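Compute the structure for the input listed below.
(one chain, ligands or ions: 2)
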Amino acid sequence: MSRVEIERKVLNENQLLAEQLRERYRADGVCCVNLISSPGSGKTLLLERTLERLAPGTRIAVLTGDLQTENDAKRLARFGFPVKQIITGGTCHLDARMIGKHLEGWKLAELDFLIIENVGNLVCPSSYDLGEECKIVLLSTTEGEDKPLKYPSIFAKSALMLLTKVDLLPYVPFNAELARDNARRVNPQIEIIDVSSTTGEGLDGWMQWLLSRQHRRSEVSSRTTGA
Ligand SMILES: Nc1nc2c(ncn2[C@@H]2O[C@H](COP(=O)(O)OP(=O)(O)OP(=O)(O)O)[C@@H](O)[C@H]2O)c(=O)[nH]1
Ligand SMILES: [Mg+2]
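Ligands and ions are numbered 1, 2, ... in the order given. The predicted structure is shown next:
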């Protein structure tokens with residue numbers, strides 16, 4: 001019983017902080033997206049391919065979470081945009097308090113995009129609102145097409161599923177159509193883009209999707225702030 005109570009308290013506190021973050025993103029017109037997947041599905045490589053496609057001066061920053069190591073931040077910092085590593089020290093997800101702490105020193109008003117790479121985990125991060133505009137789930141072709149059914153929460157909460165590593169489809173027993181059907185069974189509204197960060201397939205579609213979310217965000221923010 002007490003375990004349930006504590007968990008509820010933690011989630012309630014997180015929700016409060018997440019709402020504060022959401023309000024800050026809204027006020028400053030920042031499009032914040034939260035990338036979630038199993039370990040190794042290709043979040044960081046996709047972000048490397050994303051950052052290298054952006055013009056210098058693009059107002060983007062990245063927070064990347066891991067249990068240990070600064071490896072991902074080092075990979076992403078090469079492109080010259082602000083990047084910070086969040087080391088959770090064993091916690092299997094990022095929470096709103098960690099995000100707020102690591103945003104210190106950055107002026108949100110100077111950003112159009114904030115991309116969060118969550119800790120590699122398909123379960124825990126789905127319970128933690130980070131104030132983001134949307135969650136994006138990555139499912140790679142080496143994980144099995146049944147994952148949306150086995151781990152429905154994150155697929156139900158995501159606006160977009162990126163089916164990653166599609167370059168491996170000729171070599172792995174993975175039924176991509178079934179994977180897409182399973183994701184749509186859990187979330188009929190979910191958008192799906194197939195990508196390969198090694199061949200570049202689908203990356204134009206992903207970039208367009210990201211930019212369109214930011215345009216929508218800045219339109220909403222300027223309507224609500226009267227800017
Ligand atoms: N073939 C292929 N390999 C990929 C692709 N994307 C990523 N990889 C490889 O998959 C491995 C994991 O990629 P990462 O980008 O580090 O995955 P991640 O999701 O950031 O991993 P964590 O942060 O540890 O959860 C690396 O060896 C990548 O080179 C892809 O599109 N195709
Ligand atoms: Mg990573």
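
Can you verify Leu138 is assigned to a strand?
Yes - counting by DSSP: H, G, I helix; E, B strand; the rest coil, Leu138 is located in a strand.

ok, so what distance separates it from ligand 1?
7 Å (Cβ to the nearest ligand atom, to the nearest Å). C-beta: built from backbone N, CA, C; applies to glycine.

That residue pairs with what?
Per DSSP bridges, the residues bridged to Leu138 are Leu162.

and it, what does it touch?
Leu35, Ile36, Ser37, Ser41, Gly42, Lys43, Leu46, Met161, Leu162, Thr164 (Cβ atoms under 8 Å, 6 or more residues apart in numbering).

Okay, Ser83 and Tyr171: tell me how far apart.
Not quite, residue 83 is Val, not Ser. In this view, Val83 and Tyr171 are 32 Å apart by Cβ to Cβ, to the nearest Å.

Neighbour count for these two, which is higher?
More crowded of Val83 and Tyr171, by other Cβ atoms under 10 Å: Val83, with 23 against 9.

Model confidence score at the more buried one, please.
Model confidence at Val83, given as pLDDT, is 98.

what's it in contact with, if anything?
With contacts defined as Cβ under 8 Å, 6+ apart, Val83 is in contact with Ala61, Val62, Leu63, Thr64, Ala73, Leu76, Ala77.

Same list, those residues, but as CSV with secondary structure and pLDDT please.
Output for those, formatted as CSV (DSSP: H, G, I helix; E, B strand; the rest coil; pLDDT from 0 to 100):
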residue, secondary structure, pLDDT
Ala61, strand, 98
Val62, strand, 98
Leu63, strand, 98
Thr64, strand, 98
Ala73, helix, 96
Leu76, helix, 98
Ala77, helix, 97
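
now, which of these sits nearest Val137?
Thr64 (16.5 Å; Cβ to Cβ).

ok, now which ones touch the closest one?
Thr44, Leu47, Asp72, Ala73, Leu76, Val83, Lys84, Gln85, Ile86, Ile116, Glu117.

so how far is Leu168 from the closest residue to the second one other than its chain neighbours?
Pointing back at Leu47 there. Nearest in space to Leu47, with sequence neighbours left out and distances taken as Cβ to Cβ, 6 or more residues apart in numbering, is Leu76 at 5.8 Å. Leu76 sits 23 Å away from Leu168, going by Cβ to Cβ.
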